[in-house]
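Novice: Fold the stuff below for me.
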Amino acid sequence: MTHYTLLVGSSGGGLPATSFVELTSGSSTFSVPDGYNAIHIEYAVGGGGGAAGGVGYDKAGGESAGAGGGSGAYVSDKIFSVTEGETITYSIGSGGAPGNQTANFGQPRIADAGTNTTLSGSTTGSLFTLGAGGGSSGTGGGVQGPLRTNTAGTAGTATIDGTEVTSGIFADSDNSVQNVTSNTSGPTSTFNDSGNGAAGDLTGTGNCSGDNCTIAGFDGGDSYAGNVAGGAGAPISGDGTAGTRGSGGGGGSHHPSSPASDGAAGGDGEIKYRFLQVI
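Specialist: Predicted coordinates:
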């Protein structure tokens, strides 16, 4: 283990924790301040997948709703070792666009996947890659049949590469001495947590039976292990709602008065971090 010079504050716990910084878009760099040896990720998530719109047919004997988009993989209250002065590079994932590309009946309706959220250090290497949620789709249908094949958006996968800090003490921003395991303020309220996203919702085939039948859209996958809800599927009229914080978008519905209700975009990714001197 690397040894660091202890810079004792009034509490005897070392340098106080820096203020949290939240990143919600883009790609750039920042540096580890002198004296700090760990980065606390309060939360981070990949972009959520978009959702397909619903569709109505002419004489196909049924109608279709859009499946939900998948959610991105996440980190909640995980601490990684870093080296003072090194450059940290980040990229925040974007939510996927909805699948409403074609007018009237036109098929297919294919939503976009989100993009990954990543964090790496110039000295320590990759800390994590939080895979994005996949977009849902509706493919293969014809205006007079067959009914289309609906596919839900897939879950993003978490890849954790950094060295995790699971023991030790640090001085909080108020100079109180804390154990690293006290960090539970993230979305899952669990120290040292990370995991994959969730697939979007889809019940059965996503098709209802009978011309002019009514079927609601399906919800997007929840993010942060179910702690942030996915975008809501469209009700019997109206459109799906967009995901937030890496959750999937909600799918479109079918109703005779609204035969091509729109699906919605996935939620953008994010990272919130601060630096600690862990001893």
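Novice: Quick check: which ranges of this structure have low pLDDT?
Specialist: Where the chain drops to pLDDT under 70, the residues are 1-13, 101, 103-106.
Novice: repeat that with 90
Specialist: Low-confidence regions of the chain, defined by pLDDT under 90, span residues 1-14, 56-59, 101-107, 141-144, 236-238, 255-260.
Novice: Go ahead and list the helix or strand containing the residue most central in space within it.
Specialist: Centre of the chain computed as the mean C-alpha position; nearest residue by C-alpha atoms, centre = their mean is residue 246, 2.3 Å away. For residue 246, there is no host helix or strand (DSSP states H and E).
Novice: doesn't residue 75 make contact with it?
Specialist: No: Residue 246 lies out of contact with residue 75 (C-beta atoms under 8 Å); the separation is 10.8 Å. Heads up, the C-betas are built off the backbone N, CA and C, glycines and all.
Novice: contacts for the strand or helix carrying residue 119?
Specialist: Counting by DSSP H and E, the element that carries residue 119 is strand 117-121. Residues outside strand 117-121 that contact it (C-beta atoms under 8 Å, 6 or more residues apart in numbering): 32, 41, 44-47, 72, 82-83, 86-93, 126-130, 132, 162, 246, 269-271.
Novice: Would you report the backbone torsion angles of residue 64?
Specialist: Backbone dihedrals for residue 64, given as degrees, to the nearest 10, come out at phi -130, psi 150.
Novice: Tell me how far it lies from residue 182.
Specialist: Applying C-beta to C-beta, to the nearest Å, one obtains 49 Å for the distance of residue 64 from residue 182.
Novice: how about the strand holding residue 119 as PDB, C-alpha atoms only?
Specialist: Backbone C-alpha positions of strand 117-121 (Å, rounded to 0.1, in the frame of the first residue of the first chain) are rendered in PDB as follows:
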ATOM      1  CA  THR A 117     -20.200   7.100 -18.400                       C
ATOM      2  CA  THR A 118     -16.400   6.600 -17.700                       C
ATOM      3  CA  LEU A 119     -13.800   7.800 -15.200                       C
ATOM      4  CA  SER A 120     -10.000   7.200 -15.400                       C
ATOM      5  CA  GLY A 121      -6.800   8.600 -14.000                       C
END
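Novice: Could you check it and say which residues are buried?
Specialist: Of the residues in strand 117-121, those buried under the neighbour-count criterion (16 or more other C-beta atoms under 10 Å) are 117-121.
Novice: Determine how far stretch 233-253 lies from the middle of the whole chain.
Specialist: Centroid separation between stretch 233-253 and its chain, computed with C-alpha atoms, centre = their mean, to the nearest Å, is 15 Å.
Novice: That stretch: which residues count as buried?
Specialist: Going through stretch 233-253 with 16+ other C-beta under 10 Å, the ones that come out buried are 233-236, 238-253.
Novice: residues in contact with the residue nearest to the centre of the chain?
Specialist: By C-beta under 8 Å, 6+ apart, the residues touching residue 246 are 45-48, 71-72, 74, 93, 95, 114, 117, 130, 133, 156, 197, 223-224, 228, 266-270.
Novice: Please repeat the previous calculation with a cut-off of 6 Å.
Specialist: Residue 246 makes contact with 45-46, 48, 71-72, 223, 267, 269, according to C-beta atoms under 6 Å, 6 or more residues apart in numbering.
Novice: Please enumerate the strands of the stretch 151-279 of the chain.
Specialist: 158-160, 169-171, 177-179, 193-195, 207-209, 270-276 (DSSP state E, counting those that start in this stretch).
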